[in-house]
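Novice: Need a 3D model of the following:
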Amino acid sequence: KGVLVTGLGTFAVVQEQFHSKKEAHVVRRPVFQLEMDEFFLQELVFPTVVIPGEIKHLSYSWLSRATSFPRHVVKDCVRETTLLYSFQLRNKPRLPFIFNDIGILSCRDDVLCMEFYCECVTKLESKASRIALLHT
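Specialist: Residues are numbered from 1 along each chain as shown. Predicted coordinates:
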């Protein structure tokens with residue numbers, strides 16, 4: 001499954017097969033697919049990822065319950081944050097966008113990259129060998 005944050009992108013988990021010297025592993029790894037207007041981001045390079053399966057919109061109701069803020073406040077906060085970040089990407093400086101417990105979306109040398117925290121990856125794939133985890 002994937003979660004679409006409107007105006008920013010989709011976070012999802014994909015399965016990949018990885019072959020070590022001794023055996024084959026199937027690992028789950030997090031991915032991010034940018035969903036911003038490419039017209040404004042022409043000079044940026046970012047990887048495209050095919051996200052299989054179902055993609056759901058971010059649940060503002062769930063976030064509202066988790067944060068104890070009213071739903072409309074949560075929705076406005078997410079919308080304003082993604083608008084601010086897209087404006088910041090179009091105009092320099094391009095600061096990193098930090099997602100708590102997930103990773104950092106950063107832009108270096110006009111390449112946009114989502115770097116997932118090691119803890120995020122190991123939560124997804126605790127059964128894989130260390131070599132397979134390093135591959136993700």
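
Novice: residues in contact with the residue most central in space within the chain?
Specialist: Residue closest to the mean C-alpha point of the chain, counted by Cα atoms, centre = their mean, is residue 32 at 3.6 Å. Neighbour list for residue 32: 9-12, 49, 105, 114 [criterion: Cβ atoms under 8 Å, 6 or more residues apart in numbering]. Every C-beta, even on glycine, is put in place using the N, C-alpha and C of the backbone.

Novice: just residue 107 next, same as before
Specialist: With contact set as Cβ under 8 Å, 6+ apart, residue 107 has these partners: 44, 89, 94, 96, 113.

Novice: Assign the residue of the chain most remote from its centre to helix, strand or coil.
Specialist: No residue in the chain has its C-alpha farther from the mean C-alpha position than residue 22, which lies at 31.4 Å (Cα atoms, centre = their mean). Look at residue 22: counting by DSSP: H, G, I helix; E, B strand; the rest coil, its state is coil.

Novice: What are the phi and psi values at it?
Specialist: phi -100, psi -30 (degrees, to the nearest 10).
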